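Novice: what's the 3D shape of this:
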Amino acid sequence: MANYYGFTRTNYFAVKDEEKFRQLIASCRGSEEDPEVWKEAVDGQTLFAFGCCSSLSGLPCGDEEDYECDLGAFHSALQQVVAGGHAIIITEVGYEKLRYLVGDCTVITSQEITYTNLSDIGLAKARQLLKNPQYNPVMEY
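Specialist: Residues are numbered from 1 along each chain as shown. Reported below is the predicted structural model:
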């Protein structure tokens, strides 16, 4: 049996409230380790990024002893702290031996949250080039 290994990080972005942002990241759980925050000064502006050597699980919900995590709630909370004109681009890459490779990207602005997957992008491009919208290769085992 193989284990999944994920790695997550973001771009640098501005926030409306540093304290709220740091509290939010401190509350987020990762599958193996919790995310850490990096701070960088760029062109006189303080920008932040976060990441971890695991997947993000999200914000804990339920009781303290037996809780689940809600990734959607984490994304919605990030939407409340990202500064206007900035986007949080959460990129995760991972693998389970060579059974599959993943590359996911969630983009969060103060107005929208979108998700894309590298395999979906590749499949769409192959269908376009082949002019065959039904093309459906096996990409995992």
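Novice: can you give me the helices in the protein?
Specialist: Applying DSSP state H to the chain gives helices spanning 18-27, 71-81, 118-130.
Novice: Looking at those, which is nearest to Gly51?
Specialist: Closest approach to Gly51 among those (C-beta to C-beta): helix 18-27, 10.1 Å. C-beta here means a position set from N, CA and C on the backbone, and glycine is covered the same way.
Novice: beta partners for Thr116?
Specialist: Cys105 (DSSP bridges).
Novice: Direction included, what does the worst-scoring helix or strand of the chain on mean pLDDT pair against?
Specialist: Taking mean pLDDT, DSSP states H and E as the measure, the chain has strand 67-70 as its least confident helix or strand, at a mean of 85. Take DSSP bridges as the rule and strand 67-70 pairs in its sheet with strand 56-62 (antiparallel).
Novice: angle of the strand it pairs with against helix 18-27?
Specialist: If you take axes from the mean of the first three to the mean of the last three C-alpha atoms, to 10 degrees, strand 56-62 sits at 90 degrees to helix 18-27.
Novice: buried stuff in strand 56-62?
Specialist: Using 16 or more other C-beta atoms under 10 Å as the test for burial, strand 56-62 gives 56-60.
Novice: swap in stretch 103-117?
Specialist: Neighbour-count burial for stretch 103-117 flags 103-104, 106-110 (criterion: 16+ other C-beta under 10 Å).
Novice: now the end-to-end length of that stretch.
Specialist: One end of stretch 103-117 sits 6 Å from the other (C-alpha to C-alpha, to the nearest Å).
Novice: what mean pLDDT would you report for that stretch?
Specialist: Across stretch 103-117, pLDDT averages out at 97.
Novice: Relative to Ala126, how far out is the residue nearest the centre of the chain?
Specialist: Among the residues of the chain, the one closest to the centroid is Ile90, at 3.4 Å (C-alpha atoms, centre = their mean). From Ile90 across to Ala126, the span is 26 Å (C-beta to C-beta, to the nearest Å).
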